[in-house]
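Novice: only geometry, no sequence info:
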């Protein structure tokens, strides 16, 4: 989550009556990442479509370009099929979709009921929905509301 958060930051997390919204920073506890909870930004929620352009790295939700001044680096989808038809690059449940030539702005991923697509702000170095897959609302522990440590960086989070 670099640029927005740093390793060691301490966050106040709202876990009561929370429903994820686009742009929220959330804590995700999923079996897909056994190393522990993740801190990610919600990009799309139930019913939304998401498309990430393979070349430009631009992210579209519901066919609208996201303005993402908070990200560090370029959003990448290093997925391709080799001459044997084997997917190379990203792994996980969405790798086949990202590598499929029919995946484009007219044929994006559509999120189902209770599903959330979340990515880290440090896009070039993030384990997130691009490689771990779509998360469910049940996997979200809560919404990171503000940083309270270190003291010189106390602030509300977007």
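Specialist: Ah, there it is. Please read all numbers here as calculations on a predicted model, not as lab measurements. Numbers count the residues shown, from 1 in each chain.

Novice: Okay, buried residues for the longest strand along the chain please.
Specialist: Ranked by residue count and defined by DSSP state E, the top strand of the chain is strand 140-149. Residues of strand 140-149 classed as buried: 140, 141, 142, 143, 144, 147 (neighbour count, 16 or more other Cβ atoms under 10 Å). C-beta coordinates here come from the backbone N, C-alpha and C atoms, glycine included.

Novice: now do stretch 44-55
Specialist: For stretch 44-55, by 16+ other Cβ under 10 Å, it's 44, 45, 48, 49, 50, 51, 52, 54.

Novice: Ends of it, what's the gap?
Specialist: Distance across stretch 44-55, first residue to last, is 21 Å (Cα to Cα, to the nearest Å).

Novice: Tell me where the chain has helices.
Specialist: 95-99, 129-132 (DSSP state H).

Novice: Residue 115 - how many residues pack around it?
Specialist: Residue 115 sits with 20 neighbouring residues when counted by other Cβ atoms under 10 Å.

Novice: Next: the one 4 residues further on.
Specialist: Under the neighbour criterion other Cβ under 10 Å, residue 119 is assigned a count of 23.

Novice: Need the nearest residue in space to it, chain neighbours excluded.
Specialist: Distances taken as Cβ to Cβ, 6 or more residues apart in numbering put residue 128 closest to residue 119, at 4.3 Å, once the chain neighbours are dropped.

Novice: Distance check, that neighbour against residue 76.
Specialist: Counting by Cβ to Cβ, to the nearest Å, the separation of residue 128 from residue 76 is 11 Å.

Novice: What of residue 26?
Specialist: Distance of residue 26 to residue 76, given as Cβ to Cβ: 22 Å.

Novice: More neighbours: which of those two?
Specialist: In this view residue 26 and residue 76 are compared by other Cβ under 10 Å, and residue 26 has more residues nearby, 25 against 15.

Novice: ok, the more buried one touching residue 37?
Specialist: No. Between residue 26 and residue 37 there is no contact under Cβ atoms under 8 Å: 9.7 Å.

Novice: intersection of neighbour lists for those two?
Specialist: Common neighbours of residue 26 and residue 37, counting by Cβ atoms under 8 Å, 6 or more residues apart in numbering, are residue 141.

Novice: Could you give the separation between the terminal residues of stretch 35-49?
Specialist: Termini of stretch 35-49 sit 29 Å apart (Cα to Cα).

Novice: Apologies, that question was intended for stretch 40-48.
Specialist: Stretch 40-48 has an end-to-end distance of 18 Å (Cα to Cα).

Novice: That'll do, ta.
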